[in-house]
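Participant: next come a sequence and a model predicted from it.
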Amino acid sequence: MPVDDGLSLQSTCRRLKLTEQAARHLLDQRENMKTRAPRNRTLTCTEAELESLSGGLLRLTAPASPEMLADRIVNQDLGDALPFVPTGFVDLLILDPPYNLTKNYNGHVFRSRDAEGYIAWFARTLTALLPTLRPKASLYVCSDWKTSNLVFPVLDKHLHVRNRITWEREKGRGAKTNWKNNTEDIWFCTVGDDYCFNVNDVKLKRRVIAPYRTDDGKPKDWVESQNGNYRLTYPSNLWSDITVPFWSMPENTDHPTQKPEKLIAKLVLASSNPGDFVFDPFLGSGTTAVVARKLNRRFCGIELSHEYCCWAAKRLLQAETDTNIQGYADGIFWERNSLSDQETRKATKTSPEEALELFND
Ligand SMILES: C[S@@+](CC[C@H](N)C(=O)[O-])C[C@H]1O[C@@H](n2cnc3c(N)ncnc32)[C@H](O)[C@@H]1O
């Protein structure tokens with residue numbers, strides 16, 4: 001048990017009101033922090049930061065208005081908080097629930113269950129959330145390949161299921177007797193037929209493989225640049241341009257299933273407008289909240305783990321001065337490994353409007 005500067009398991013439990021398991025996890029992490037590589041940019045909180053950031057977290061004990069929840073993090077079990085959450089205020093719901101796997105979220109263990117058990121849990125969760133949605137709202141639900149089959153029938157019963165996005169995560173644990181699990185699904189649903197979809201905000205900048213030219217020799221639907229030829233393409237439901245956060249990225253935390261900001265940015269840009277309300281009831285390390293802030297949306301997130309809430313709060317503070325989203329620059333989503341061209345674009349300062357003009361598909 002790593003103990004330093006007089007911090008004992010008991011005092012940590014008492015001071016931060018944590019369970020013994022959560023306090024043990026926290027102290028272990030503090031120990032890890034000391035041994036990280038110098039270029040490791042993983043965000044963590046000191047004990048003092050945990051205490052000060054706690055002050056900004058909400059715990060709901062009475063009905064709240066949308067204004068009270070706007071741009072706030074609720075540190076509470078979703079089941080305890082939801083009775084106090086208002087109805088009809090959410091424009092975009094991002095649901096990244098525990099998948100049907102046994103996973104330890106900082107001392108709070110979600111246990112895998114049989115298919116019926118998970119379907120019942122997910123159905124209870126979804127139906128409790130539906131009243132929060134506005135009539136034109138959209139909803140995205142993340143899952144792995146196994147959980148995906150369980151959530152689909154529940155979504156199909158209550159909503160218009162419009163698509164299933166498959167995200168190639170690029171990282172996955174190799175298996176000797178099976179295919180490596182390298183993908184996740186994201187179900188796209190809407191409450192009704194009238195909904196927001198800003199396709200021009202989520203086009204992808206791709207390298208041109210066949211650079212056709214018009215009769216007078218001009219590039220056809222693509223652009224020649226110092227670093228190669230590119231075109232803007234309509235976004236498909238197969239996403240292979242996004243890596244999971246890793247230790248050298250400033251958005252990285254120790255959350256075991258953190259989503260990349262670039263992935264959430266696509267959802268937020270496509271399915272909401274500035275000023276809209278984005279709700280994430282399983283906030284984790286705060287990715288949805290951070291992206292919403294960077295893209296000028298209002299947000300509210302609910303998360304059980306106190307420490308994850310503090311990481312989210314710290315990321316939100318940083319987002320006030322640093323609005324960068326890795327892989328998204330000047331209003332355009334870039335392919336993987338195109339950093340040098342992004343840098344060139346920054347240097348030449350092409351406006352997003354000019355860029356779209358150039359790449360109209
Ligand atoms: C899949 S993770 C979400 C990760 C998040 N999208 C991110 O980018 O960091 C699910 C989160 O739900 C939280 N959680 C699980 N059960 C919960 C509950 N009953 N109430 C609130 N949060 C819960 C877990 O602590 C975990 O952080």
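Facilitator: The structure has been received and is ready for your questions.

Participant: for T177, give me the pLDDT.
Facilitator: pLDDT for T177: 96.

Participant: measure it to S305 for me?
Facilitator: Distance, T177 to S305, using CB to CB, to the nearest Å: 34 Å. C-beta here means a position set from N, CA and C on the backbone, and glycine is covered the same way.

Participant: quick check: K203 vs D71, distance?
Facilitator: 28 Å.

Participant: which of those two has more neighbours?
Facilitator: In terms of neighbours (other CB atoms under 10 Å), K203 is the more surrounded of K203 and D71; the figures are 20 against 15.

Participant: for T132, see how far away the more buried one is.
Facilitator: According to CB to CB, K203 and T132 sit 30 Å apart.

Participant: need the contact list for the residue of the stretch 101-250 of the chain found nearest the ligand.
Facilitator: Nearest to the ligand in the stretch 101-250 of the chain, going by CB to the nearest ligand atom, is Y105, at a distance of 3.3 Å. Residues in contact with Y105 (CB atoms under 8 Å, 6 or more residues apart in numbering) are 98, 256, 284, 304-305, 308.

Participant: equivalent analysis for F282, please.
Facilitator: Contacts of F282 (CB under 8 Å, 6+ apart): 78, 95-98, 302-303.

Participant: ranking these by neighbours, who comes first?
Facilitator: Each of the contacts of F282 was scored for neighbours by other CB under 10 Å, and E303 scores highest at 31 neighbours.

Participant: how about the nearest residue to that residue once chain neighbours are set aside, what does it touch?
Facilitator: Nearest residue to E303 in three dimensions, chain neighbours excluded: L283, at 4.0 Å (CB to CB, 6 or more residues apart in numbering). L283 makes contact with 73, 289, 301-303, 308-309, 312 under the criterion CB under 8 Å, 6+ apart.

Participant: buried ones from the residues you listed, can you make that a PyMOL selection?
Facilitator: Per 16 or more other CB atoms under 10 Å, the buried members of the contacts of L283 correspond to this PyMOL selection:
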select buried, resi 73+289+301+302+303+308+309+312
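
Participant: so can I have JSON lines of the contacts of L283 showing pLDDT, secondary structure and distance to the ligand?
Facilitator: Formatted as JSON lines, those follow (pLDDT from 0 to 100; DSSP: H, G, I helix; E, B strand; the rest coil; distance: CB to the nearest ligand atom, whole Å):
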{"residue": "I73", "pLDDT": "98", "secondary structure": "strand", "distance to the ligand": "11"}
{"residue": "A289", "pLDDT": "98", "secondary structure": "helix", "distance to the ligand": "9"}
{"residue": "G301", "pLDDT": "98", "secondary structure": "strand", "distance to the ligand": "9"}
{"residue": "I302", "pLDDT": "98", "secondary structure": "strand", "distance to the ligand": "5"}
{"residue": "E303", "pLDDT": "98", "secondary structure": "strand", "distance to the ligand": "5"}
{"residue": "Y308", "pLDDT": "98", "secondary structure": "helix", "distance to the ligand": "5"}
{"residue": "C309", "pLDDT": "98", "secondary structure": "helix", "distance to the ligand": "9"}
{"residue": "A312", "pLDDT": "98", "secondary structure": "helix", "distance to the ligand": "8"}
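
Participant: mean confidence score for stretch 263-275?
Facilitator: In the prediction, stretch 263-275 has an average pLDDT of 98.

Participant: centre of the chain to it, how far?
Facilitator: 11 Å (CA atoms, centre = their mean, to the nearest Å).

Participant: now do the strands in the stretch 1-150 of the chain.
Facilitator: In the stretch 1-150 of the chain, the strands defined using DSSP state E, counting those that start in this stretch lie at 72-75, 90-95, 103-105, 108-110, 133-143.

Participant: pick the most buried one from those.
Facilitator: strand 90-95 (a mean of 26; mean count of other CB atoms under 10 Å).

Participant: helices or strands next to it in the packing?
Facilitator: helix 115-129, strand 133-143, helix 261-271, strand 277-280 (3 or more CB pairs under 8 Å, 6 or more residues apart in numbering; DSSP states H and E).

Participant: go again with 7 Å.
Facilitator: On a contact count with 3 or more CB pairs under 7 Å, 6 or more residues apart in numbering; DSSP states H and E, strand 90-95 meets strand 133-143, helix 261-271, strand 277-280.

Participant: is it possible to get CSV of those that adds distance to the ligand?
Facilitator: Converted to CSV, the helices and strands packed on strand 90-95 look like this (distance: least, CB to the nearest ligand atom, whole Å):
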stretch, distance to the ligand
strand 133-143, 7
helix 261-271, 7
strand 277-280, 7
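
Participant: nearest to R111, of the ones you listed?
Facilitator: strand 133-143 (16.9 Å; CB to CB).
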